[in-house]
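Novice: Below are the sequence and a predicted model for it; my questions follow.
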Amino acid sequence: GQQVMQIPQYQHVQEGEDFTTYCNSSTTLSNIQWYKQRPGGHPVFLIQLVKSGEVKKQKRLTFQFGEAKKNSSLHITATQTTDVGTYFCADRSGNTGKLIFGQGTTLQVKP
Amino acid sequence: NAGVTQTPKFQVLKTGQSMTLQCAQDMNHNSMYWYRQDPGMGLRLIYYSASEGTTDKGEVPNGYNVSRLNKREFSLRLESAAPSQTSVYFCASSEFRGASYEQYFGPGTRLTVT
């Protein structure tokens, strides 16, 4: 069935370093959404990518959708302690509102 | 607007006990979802309801039942709890309109089955 693989599972960085998480699929991704979950919290929507090759930025966060729509990435420039949490990508399942989530990447930032 | 609310926040059950997790949204969304979250497994869909009066199975429906009581409320029932159902449960809602379908999550219910 439809699967979304996310790597790495964990990442520890020093504050100020960059961070990237990758979302991959063996099949063509439909639309990719990215969510952030703070420790002890619930997932919160960050952004949606729809078009092949699309790049969107939110302050220090850069989101990309691969040209072949088989991968996506989230890059954080100069991490801050407020970036701590788990980042999930999710792909739409078929022609419905259902999402298939990746396993998530947990980011720890050392001050 | 409260968004998506869930009750209870925490629950401890003994094996074989039953309980219902409640979820309500005040955003007038048509679609509602139940997920479970386990370490290293991401969010897995248990059941969803595309609109009032309809429900459908997700990836991990065994051991659960759902009721879409009305447009606002979507409950999840564990008839006979098992230790494997120890997890964090999230309810979410969305309005699926073409390409726009972000999901809004509730605060979660942390369930332990002993």
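Specialist: Cool, the structure landed.

Novice: what residues are up against the residue nearest to A:Q80 when sequence neighbours are not counted?
Specialist: Using Cβ to Cβ, 6 or more residues apart in numbering or on different chains and skipping residues adjacent in sequence, the residue nearest A:Q80 is A:E15, 6.3 Å away. Where C-beta positions appear, they are placed from N, C-alpha and C, glycine not excepted. By Cβ atoms under 8 Å, 6 or more residues apart in numbering or on different chains, A:E15 lies in contact with A:T79, A:Q80, A:T81, A:V109, A:K110, A:P111.

Novice: Could you pull up the residues touching the fifth one?
Specialist: Just to be clear, that refers to A:K110. A:H12, A:V13, A:Q14, A:E15.

Novice: Redo the contacts of A:E15 as a markdown table? Include secondary structure and pLDDT.
Specialist: Formatted as a markdown table, the contacts of A:E15 follow (DSSP: H, G, I helix; E, B strand; the rest coil; pLDDT from 0 to 100):
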| residue | secondary structure | pLDDT |
| --- | --- | --- |
| A:T79 | coil | 98 |
| A:Q80 | coil | 98 |
| A:T81 | helix | 97 |
| A:V109 | strand | 97 |
| A:K110 | strand | 96 |
| A:P111 | coil | 93 |
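
Novice: so which two of the residues you listed are the farthest from each other?
Specialist: Farthest apart among those by Cβ to Cβ are A:Q80 and A:K110. That separation is 11.5 Å.

Novice: For chain A, what lies in contact range of chain B?
Specialist: Within chain A, the positions near chain B by Cβ under 8 Å from any Cβ of the partner chain are A:6, A:9, A:31, A:33, A:41-45, A:48, A:50, A:88, A:90, A:92, A:96-104.

Novice: most centrally placed residue in chain B?
Specialist: B:W34 (2.6 Å; Cα atoms, centre = their mean).

Novice: Send me the helix or strand harbouring it as CSV with only the CA atoms.
Specialist: Assigned by DSSP states H and E, B:W34 belongs to strand B:31-38. In CSV, the C-alpha atoms belonging to strand B:31-38 read as follows (Å, rounded to 0.1, in the frame of the first residue of the first chain):
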residue,chain,number,x,y,z
SER,B,31,-14.4,15.2,7.9
MET,B,32,-13.1,13.8,11.1
TYR,B,33,-10.4,11.3,12.0
TRP,B,34,-9.1,9.2,14.8
TYR,B,35,-5.3,8.4,14.9
ARG,B,36,-3.1,6.6,17.3
GLN,B,37,0.5,7.5,17.9
ASP,B,38,3.1,5.1,19.1
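
Novice: model confidence over it, on average?
Specialist: Mean per-residue pLDDT for strand B:31-38: 96.

Novice: Can you tell me the strand partners of that strand and which way each runs?
Specialist: Paired strands of strand B:31-38, with direction, are strand B:42-49 (antiparallel), strand B:87-94 (antiparallel) (DSSP bridges).
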